[in-house]
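Colleague: pasting the structure only:
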């Protein structure tokens, strides 16, 4: 019987593990293997992280996650490199099933993150992290993008917010959308349409990313005329949505219309007493490593309090 199980190994899961381990809860963490991306979360496919506090010259995403993992182990976290196949929250203790068996726990923290939607292009895979990113806030300020022409792909609020963020660094930002009007809120559309550094390209889809070793341009196909055009850019940022990694839950927790776990405002408690959620799996707004780490801290503290009030520690 485990006091607490943590599912997920990104900033939220590992921060929760560090706090839970220091509280003598002996957490068991399932870091995943293939489902929802590689162990360590989305920072494992991020080159340089410049906005995580404490690293004035930035730090590699994989380096940061390796340090978090080592810290969790140092304080007594046990890490299992398996995917969680299913859970049972209908009974207490709760159960978690992986390939090697089923584990019971009094409390569980779900920190499985969300996966950025990506374009199904061979050229996108080849140039990923070589000019193509899914996070303008994370990567847009890097030296390779400063004073260059950049592009954001998408038409929702997140796409425009990322494009507006990039205008602080870029010489010009193209907003590429496949339809004839944006899906974003009217106030954001107005800002984009009137920003001197932005140009909106309607009815365009990405046909190919160009460049051998780094991104140099993008070929677009017009969905109305079926004609192709090419623009030279140094960076492309995909803002076509995220998919929360919640399929293994089988709807045993309340989720919102976009698939994110619903938590109590200002807390990490979920619709099931004793189950907590942290990080991008319950945050469709900020999706930042520091925000995920903060919610992981909250989840561990709330779980510790819950365990003590229920006489499990």
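Modeller: Okay, I see it. A quick note: this is a predicted structure, and the numbers were derived from the prediction, not measured.

Colleague: Every contact and neighbour count from this point should use C-alpha atoms.
Modeller: Noted.

Colleague: measure the residue located most distally from the centre of the chain to residue 182 for me?
Modeller: Farthest-out residue of the chain from its mean C-alpha position, per Cα atoms, centre = their mean: residue 225, at 35.5 Å. To residue 182, residue 225 is 19 Å away according to Cα to Cα, to the nearest Å.

Colleague: circling back: need the pLDDT of the residue farthest from the centre of the chain.
Modeller: As predicted, residue 225 sits at a pLDDT of 96.

Colleague: Which of the residues in the helix or strand hosting residue 85 are classified as buried?
Modeller: For residue 85, the host element (DSSP states H and E) is strand 84-88. Residues 84-87 are the ones in strand 84-88 that count as buried (16 or more other Cα atoms under 10 Å).

Colleague: which residues of this structure fall in helices?
Modeller: 11-22, 61-74, 122-127, 136-139, 157-166, 186-194, 289-309 (DSSP state H).

Colleague: Please identify the deepest-packed of those.
Modeller: helix 11-22 (a mean of 29; mean count of other Cα atoms under 10 Å).

Colleague: Report the angle between it and helix 289-309.
Modeller: 40 degrees (axes from the mean of the first three to the mean of the last three Cα atoms, to 10 degrees).

Colleague: what's the spacing between the biggest strand by length in the chain and its chain's center?
Modeller: The residue-count maximum for a strand in the chain (DSSP state E) belongs to strand 101-110. From the chain centre to the centre of strand 101-110 is a distance of 23 Å (Cα atoms, centre = their mean, to the nearest Å).

Colleague: now stretch 104-114
Modeller: Distance, centroid of stretch 104-114 to centroid of chain: 17 Å (Cα atoms, centre = their mean).

Colleague: Nearest to residue 215, out of the buried residues of strand 84-88: which one, please.
Modeller: Nearest to residue 215 among the buried residues of strand 84-88 is residue 84, at 36.2 Å by Cα to Cα.

Colleague: any idea of the pLDDT on the residue nearest to the closest one when sequence neighbours are not counted?
Modeller: Once flanking residues are discounted, residue 84 sits nearest to residue 98: 4.7 Å by Cα to Cα, 6 or more residues apart in numbering. Residue 98 is assigned 96 on the pLDDT scale.

Colleague: Tell me how far residue 98 lies from residue 308.
Modeller: 27 Å.

Colleague: one step back: the residue nearest to residue 84 contacts residue 80, correct?
Modeller: No: if you go by Cα atoms under 8 Å, residue 98 and residue 80 don't touch, sitting 9.6 Å apart.

Colleague: And residue 120, what's its pLDDT?
Modeller: At residue 120, pLDDT is 93.

Colleague: Pull the number of nearby residues for it.
Modeller: 8 (other Cα atoms under 10 Å).

Colleague: Then residue 239?
Modeller: 25.

Colleague: Now do the contacts for it.
Modeller: Counting by Cα atoms under 8 Å, 6 or more residues apart in numbering, residue 239 touches 117, 134-135, 152-155, 158-159, 162.

Colleague: From residue 19, how far out is it?
Modeller: 33 Å.

Colleague: How about residue 58: what's its closest non-neighbour residue?
Modeller: residue 50 (4.2 Å).

Colleague: Residue 61 is in contact with that neighbour, correct?
Modeller: No: in terms of Cα under 8 Å, residue 50 does not count as a neighbour of residue 61; the distance is 9.6 Å.
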